[in-house]
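**Student:** Sequence first, predicted model second:
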Amino acid sequence: MKENKLVELSMDFSVDIINLIKHLKANHETIISNQIGRSGTSIGANIHEAQYAQGTKDFIGSK
């Protein structure tokens, strides 16, 4: 697969987010850690969806 800097950066960011979550949960900050985990790790999924879109309807929705 072709090297993609954005994919690499998003993976590094996700790893940092997971490490932050571990730190927060160790300090009993579970409410904020759950939200940070969902939003921080969804970036990689959004990048993947954008790369493998079939056409413009995938980006703008169907009319």
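**Tutor:** Perfect, I can see it now.

**Student:** from memory F13 sits against I36, does it?
**Tutor:** No - counting by C-beta atoms under 8 Å, F13 does not reach I36; the two are 11.6 Å apart. Every residue, glycine included, has its C-beta placed from N, CA and C.

**Student:** packing partners for whichever strand or helix holds I17?
**Tutor:** Counting by DSSP states H and E, the element that carries I17 is helix 5-26. Identification of packing neighbours for helix 5-26 by 3 or more C-beta pairs under 8 Å, 6 or more residues apart in numbering; DSSP states H and E yields helix 30-51.

**Student:** Could you list the buried residues of the helix it packs on?
**Tutor:** 33, 36-37, 40-41, 43-44, 47 (16 or more other C-beta atoms under 10 Å).

**Student:** ok, residues contacting the helix holding I17?
**Tutor:** 30, 32-33, 36-37, 40-41, 43-44, 47-48, 51 (C-beta atoms under 8 Å, 6 or more residues apart in numbering).

**Student:** What separation is there between I32 and I21?
**Tutor:** 9 Å (C-beta to C-beta, to the nearest Å).

**Student:** Please apply the same query to M11.
**Tutor:** 16 Å.

**Student:** the more surrounded of these two?
**Tutor:** Just comparing M11 and I21: by other C-beta atoms under 10 Å the higher neighbour count belongs to I21, 19 against 13.
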